[in-house]
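>>> need the 3D shape of this:
(one chain, ligands or ions: 2)
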Amino acid sequence: MTVAAPTIPHAPAFIEKAPLERYVAPEKPSLVGMSRAELADALGSIGVPEKQRKMRVQQIWNWLYVRGVQSFDAMTSVAKELRAALDARFTLARPEVVAEQVSADGTRKWLLRLPSENPGERPHEVECVYIPDATRATLCVSSQVGCTLNCSFCHTGTQRLVRNLTAGEIVGQVMVARDRLGDWPGGTPPTDGIVPSGDRAVTNIVMMGMGEPLYNFDAVRDALLIVQDGDGLGISRRRITLSTSGVVPMIARAGAEIGVMLAISLHAVRDELRDELVPLNRKYPIAELLEACRNYPGASNARRITFEYVMLKGVNDSIADAKALLRLLKGIPAKINLIPFNPWPGSKYECSDWEQIETFSEVIFNAGYASPVRTPRGRDILAACGQLKSATEKLSARERMALRAMAMTEE
Ligand code: SAH
Ligand code: SF4
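Ligands and ions are numbered 1, 2, ... in the order given. Purely as a prediction, here's the structure:
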């Protein structure tokens, strides 16, 4: 008797890279990114009596996230002995900035160094990009080193080494930006770039840097809850946008547990094409993705879901595509964000012609959607969307062994 093989609706294919690199915590962990409960435990571990912990956590939280201090010594309302005890076991470290570039339009890009799994190996790197304008400024934050997914038009997707960032490394990007922008009480803003006119140098956060945030859900949630905290960094959830390539099962959880604005990297209106551009579509096809959007908690005309659509010449940019897009999004409170494709060395696509982008955007505008074209800011420093690929690459097994051996002989 023969047993029929189960039918697989979408051809199994190379969707995700594995395995992930591990995060190995430093001997002295940073308090940045710990939740209040974790901070209380940290205090408990150095002998702070339970009944004092809540008050101490509140004090430290304020020094960390309102004042932005970088040393325990600066926490003058905390008893000297406690400061010393904290200093012996913890740090206030943020990711290390290895390079800063300022683009002519004020965009800043920081290359951040993060610890690698094995001492002696090349460290991991991520980028964090700051995009200011006259009244607001958006920080584009990464959630992973590289990305496990392989969207065919995305430079980050070609990076082989992948590690999830910790909550501390995600919150740390916001801290680094504010450190570099002199954006703490008493700080001095830089003179070589634009900072918005209000009282905050970072007004909005987008999780649109390297990585797929919904593949690193817990750390992204924990970090964004700290970023939203009204007694700390205080960036409201309406000013935080999480962009996903469509990890359907996690979308409802993102709404319930993080509550931020949602952006979907749609890019195609037919499964056949989306399977190629965003291979995760083979797992979660368009209809399922849009169903998850329809059910996204809190979506309303005031809180629309953004649909990102990268303009690829001759691939997804026809008028028929624009009309199909409108049909697909019917009934969903949506914004449409057309992104001119940013080419990168070796990419097989071209950006649509400007006239075509305008015609496409007109069809969308005439249907009642605002369709801002996201201008490719920061092109001169390769910071624009999808070009966030650092020098970090997976080392060959041989290089790894050689490095480890070198590290051992140095000791
Ligand atoms: N992984 C998440 C978030 C990071 S990518 C996601 O895919 O949504 C941020 C946005 O930049 C996504 O919409 C992504 O599709 C887009 N993007 C990636 N490569 C690009 C490129 N070369 N040109 C323009 N946009 C790109
Ligand atoms: Fe990953 Fe997003 Fe790039 Fe796709 S577009 S490879 S999900 S970072």
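>>> quick one: contacts for I194?
D105, G106, P132, D133, A134 (Cβ atoms under 8 Å, 6 or more residues apart in numbering). C-beta coordinates here come from the backbone N, C-alpha and C atoms, glycine included.
>>> list the contacts of the second one.
To tie it back to what came earlier, the one meant is G106. By Cβ under 8 Å, 6+ apart, the neighbours of G106 are I131, P132, D133, G193, I194.
>>> if we use 7 Å, what do you get?
Residues in contact with G106, defined by Cβ atoms under 7 Å, 6 or more residues apart in numbering, are P132, G193, I194.
>>> need those residues in a markdown table with distance to ligand 2, pLDDT and secondary structure, can you?
Listed next are the contacts of G106 as a markdown table, based on distance: Cβ to the nearest ligand atom, whole Å; pLDDT from 0 to 100; DSSP: H, G, I helix; E, B strand; the rest coil:
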| residue | distance to ligand 2 | pLDDT | secondary structure |
| --- | --- | --- | --- |
| P132 | 23 | 88 | strand |
| G193 | 26 | 73 | coil |
| I194 | 27 | 75 | coil |
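>>> closest one to E291 out of those residues, please.
P132 (37.0 Å; Cβ to Cβ).
>>> so how many other residues sit close to the closest one?
22 (other Cβ atoms under 10 Å).
>>> surely it touches V195?
Yes - the pair P132 and V195 passes the contact test of Cβ atoms under 7 Å, sitting 5.9 Å apart.
>>> need the overlap of contacts for those two.
With Cβ under 7 Å, 6+ apart as the test, P132 and V195 reach no residue in common.
>>> where along the protein do the helices fall?
Per DSSP state H, the chain carries helices over the ranges 36-45, 50-62, 80-89, 167-180, 217-228, 248-253, 271-277, 286-294, 319-329, 354-366, 397-410.
>>> as a whole number, average confidence for the shortest one?
In this model, helix 248-253 has an average pLDDT of 96.
>>> contacts only, for the nearest residue to Y349 once chain neighbours are set aside.
Spatial nearest neighbour of Y349, chain neighbours left out: L312 (4.7 Å); criterion: Cβ to Cβ, 6 or more residues apart in numbering. Going by Cβ under 7 Å, 6+ apart, L312 touches F153, F341, Y349, S352.
>>> for the residues you listed, which one is nearest ligand 2?
Nearest to ligand 2, judged by Cβ to the nearest ligand atom, of those is F153 at 7.5 Å.
>>> once you drop chain neighbours, what's closest to the closest one?
Per Cβ to Cβ, 6+ apart, closest to F153 is Y349, 5.2 Å.
>>> just the pLDDT at that neighbour, thanks.
So, for Y349, pLDDT stands at 96.
>>> and it, how many neighbours?
19.
>>> next up, the contacts around it.
Y349 neighbours (Cβ under 7 Å, 6+ apart): F153, L312, V315, F341.
>>> now with 6 Å, please.
F153, L312, F341 (Cβ atoms under 6 Å, 6 or more residues apart in numbering).
>>> closest one of these to Y296?
Using Cβ to Cβ, these come closest to Y296 at F153, 24.9 Å.
>>> check contacts around the closest residue to D222 other than its chain neighbours.
Leaving aside its chain neighbours, D222 sits nearest to A167 (3.9 Å; criterion: Cβ to Cβ, 6+ apart). Applying Cβ under 6 Å, 6+ apart, we find A167 in contact with G33, A219, D222, A223.
>>> so T166 versus ligand 1, what's the distance?
18 Å (Cβ to the nearest ligand atom, to the nearest Å).
>>> R238 and ligand 1: what is the separation?
From R238 to ligand 1 the distance is 19 Å (Cβ to the nearest ligand atom).
>>> wait, I meant I264
From I264 to ligand 1 the distance is 7 Å (Cβ to the nearest ligand atom).
>>> for ligand 2, what's its nearest residue on the stretch 1-150 of the chain.
Closest point on the stretch 1-150 of the chain to ligand 2, by Cβ to the nearest ligand atom, is C147, at 3.2 Å.
>>> separation between A367 and F360?
Separation of A367 from F360 (Cβ to Cβ, to the nearest Å) stands at 12 Å.
>>> over to A18?
37 Å.
>>> then E212?
Counting by Cβ to Cβ - E212 and F360 are separated by 26 Å.
>>> which one of these two has more residues nearby?
When E212 and F360 are compared for neighbours, E212 comes out ahead with 27 against 24, by other Cβ under 10 Å.
>>> my guess is that one contacts L149, does it?
Yes - under the criterion of Cβ atoms under 6 Å, E212 makes contact with L149 at 5.5 Å.
>>> quick one: common contacting residues for those two?
S245.
>>> coming back round to it: among the contacts of A167, which one sits closest to ligand 2?
Nearest to ligand 2 among the contacts of A167, with distances taken as Cβ to the nearest ligand atom, is A219, at 15.9 Å.
>>> could you check the pLDDT of that closest one?
For A219, the predicted pLDDT is 98.
>>> skipping adjacent residues, who's closest to it in space?
A167 (4.6 Å).
>>> the nearest residue to A93 once chain neighbours are set aside: neighbouring residues, count only.
Of all residues not flanking A93 in the chain, S30 sits nearest, at 4.3 Å (Cβ to Cβ, 6+ apart). Using other Cβ under 10 Å, S30 has 21 other residues around it.
>>> lovely, talk soon.
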